[in-house]
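Engineer: Predicted structure and sequence below. I'll ask about it afterward.
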Amino acid sequence: MLERIERGRIVPIVVLDDVDAAAPLAEALLAGGLDVMEITLRTGAALAAIRRIATAYPEMLLGAGTLLDPSQVEQARDAGAVFGLAPGLNPRVVQAAANCGMLFAPGVMTPSEVEQAWAIGCKLLKFFPAEPAGGVAMLKALAGPYAHLGLRFIPTGGIHTGNLADYLKVPLVAAIGGSWMVDKALVAAGRWDEITRLTRVAVAAATAP
Ligand code: 3PG
């Protein structure tokens, strides 16, 4: 699972208001070269969207984002999500994910949060919000004392095509997360070709030497 996320290098973060956008959006991302996506549980359409994509596009590695309580972990898993993330560190959510065997990355931004996450068994951490917190320099400084623990990070927040390569060069980074190629306005307008184009550009930036 983590290997699939690492191979993709980019986790598009989706906020979906309309469940009918789920299938064309998944197709647009796949056409652009990405078979990983995160659907945030911030809208009423999210669980139905996860269910639709899991059924119609089994090749898509589906994550659920913004998991804020244990019941959401189970709902997301039942809908077909196979990994989960959250902006922050909630031990009850971490436990719920462990109980149902879901790979889960809690959000961290401070050394104390890194230590709390590690203490309850998390090895994959979302560094959030990456750019406002200090970007690549902050991530390196934050992760430095824990390099021997084998932690991996998914920096998210303020990352785009122009700066993603800087993050991906850091060996501790498993992948980056970002919403720019699946911007709400593009999804609402059904601009699937533009989403595919932005995805291709992002994948090219992520794989450039
Ligand atoms: C999120 O929605 O999890 C993050 O806020 C995404 O950050 P971005 O919109 O800056 O990519």
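Structural biologist: That came in fine, so what should we check first?

Engineer: residues in the chain within reach of the ligand, list them.
Structural biologist: With CB under 6 Å from any ligand atom as the criterion, the chain meets the ligand at residues Ile13, Gly65, Thr156, Gly157, Gly158, Ile159, Gly178, Ser179, Trp180. C-beta here means a position set from N, CA and C on the backbone, and glycine is covered the same way.

Engineer: Verify the contact between the first one and Thr66 for me.
Structural biologist: No. Counting by CB atoms under 8 Å, Ile13 stays clear of Thr66, with 9.2 Å between them.

Engineer: Touching both of those two, which residues are there?
Structural biologist: Applying CB atoms under 8 Å, 6 or more residues apart in numbering, one finds that Ile13 and Thr66 are jointly contacted by Thr40.

Engineer: residues contacting Asp69?
Structural biologist: Contacts of Asp69 (CB under 8 Å, 6+ apart): Asn90, Arg92, Val93.

Engineer: Derive a PyMOL selection command for the buried subset of the residues you listed.
Structural biologist: Buried subset of the contacts of Asp69, written as a PyMOL selection, criterion 16 or more other CB atoms under 10 Å:
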select buried, resi 90+93
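
Engineer: which secondary structure elements does the longest helix along the chain contact?
Structural biologist: Ranked by residue count and defined by DSSP state H, the top helix of the chain is helix 192-207. Judged by 3 or more CB pairs under 8 Å, 6 or more residues apart in numbering; DSSP states H and E, helix 192-207 is in contact with strand 10-14, helix 22-32, helix 164-168, helix 184-188.

Engineer: out of these, deepest packed?
Structural biologist: With neighbours taken as mean count of other CB atoms under 10 Å, these reach their highest mean count in strand 10-14, at a mean of 26.

Engineer: and that strand, C-alpha only, in PDB?
Structural biologist: Output of strand 10-14 as PDB, limited to C-alpha atoms (Å, rounded to 0.1, in the frame of the first residue of the first chain):
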ATOM      1  CA  ILE A  10       1.300  12.700  -5.600                       C
ATOM      2  CA  VAL A  11      -1.900  12.300  -3.700                       C
ATOM      3  CA  PRO A  12      -4.600  14.600  -5.200                       C
ATOM      4  CA  ILE A  13      -6.900  15.900  -2.500                       C
ATOM      5  CA  VAL A  14     -10.500  16.100  -3.600                       C
END
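
Engineer: Could you name the helices and strands sitting against that strand?
Structural biologist: When contacts are defined as 3+ CB pairs under 8 Å, 6+ apart, strand 10-14 sits against strand 36-40, strand 176-178, helix 192-207.
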